[in-house]
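Trainee: My questions concern the predicted model and sequence given below.
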Amino acid sequence: MVFAKSQDTLGRNKYRFIGIFKLNVEQSKSGEVIIYNRVAEELDLSIFLMNFNIDKI
């Protein structure tokens, strides 16, 4: 999973979901080439949110 970190106008950190990537290493004449292939742009968190219990915090 890849997130981009930035700061808002108050200096607080913000994180934005970029996607899920698969790492591929291929051989070329000059050496290894690392290729990142995006496999998802969205992430369904509903299964986690359904099991989230605010009373345990």
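Mentor: Noted; the coordinates are in hand.
Trainee: What helix or strand is Leu49 located in?
Mentor: Assessed by DSSP states H and E, Leu49 sits inside helix 46-50.
Trainee: I'd like the next helix or strand past whichever strand in the chain runs longest.
Mentor: Ordering each strand of the chain by length in residues (DSSP state E) puts strand 13-28 first. Using DSSP H and E, the helix or strand that follows strand 13-28 in sequence is strand 31-40.
Trainee: Who are the packing partners of that next one?
Mentor: If you count contacts as 3 or more C-beta pairs under 8 Å, 6 or more residues apart in numbering; DSSP states H and E, strand 31-40 packs onto strand 13-28. To be clear about C-beta, it is placed using only N, CA and C from the backbone, and glycine gets the same treatment.
Trainee: one step back: distance from the longest strand of the chain to the middle of the chain?
Mentor: 7 Å (C-alpha atoms, centre = their mean, to the nearest Å).
Trainee: Tell me the spacing between the residue of the chain most remote from its centre and Val39.
Mentor: Distance from the centre of the chain peaks at Lys29, with 31.3 Å (C-alpha atoms, centre = their mean). Look at Lys29 and Val39: by C-beta to C-beta, to the nearest Å, they are 28 Å apart.
Trainee: Over to Phe17?
Mentor: From Phe17 to Val39 the distance is 13 Å (C-beta to C-beta).
Trainee: So the two - more neighbours on which side?
Mentor: Shown here are Phe17 and Val39; by other C-beta atoms under 10 Å, Phe17 has more neighbours (14 against 9).
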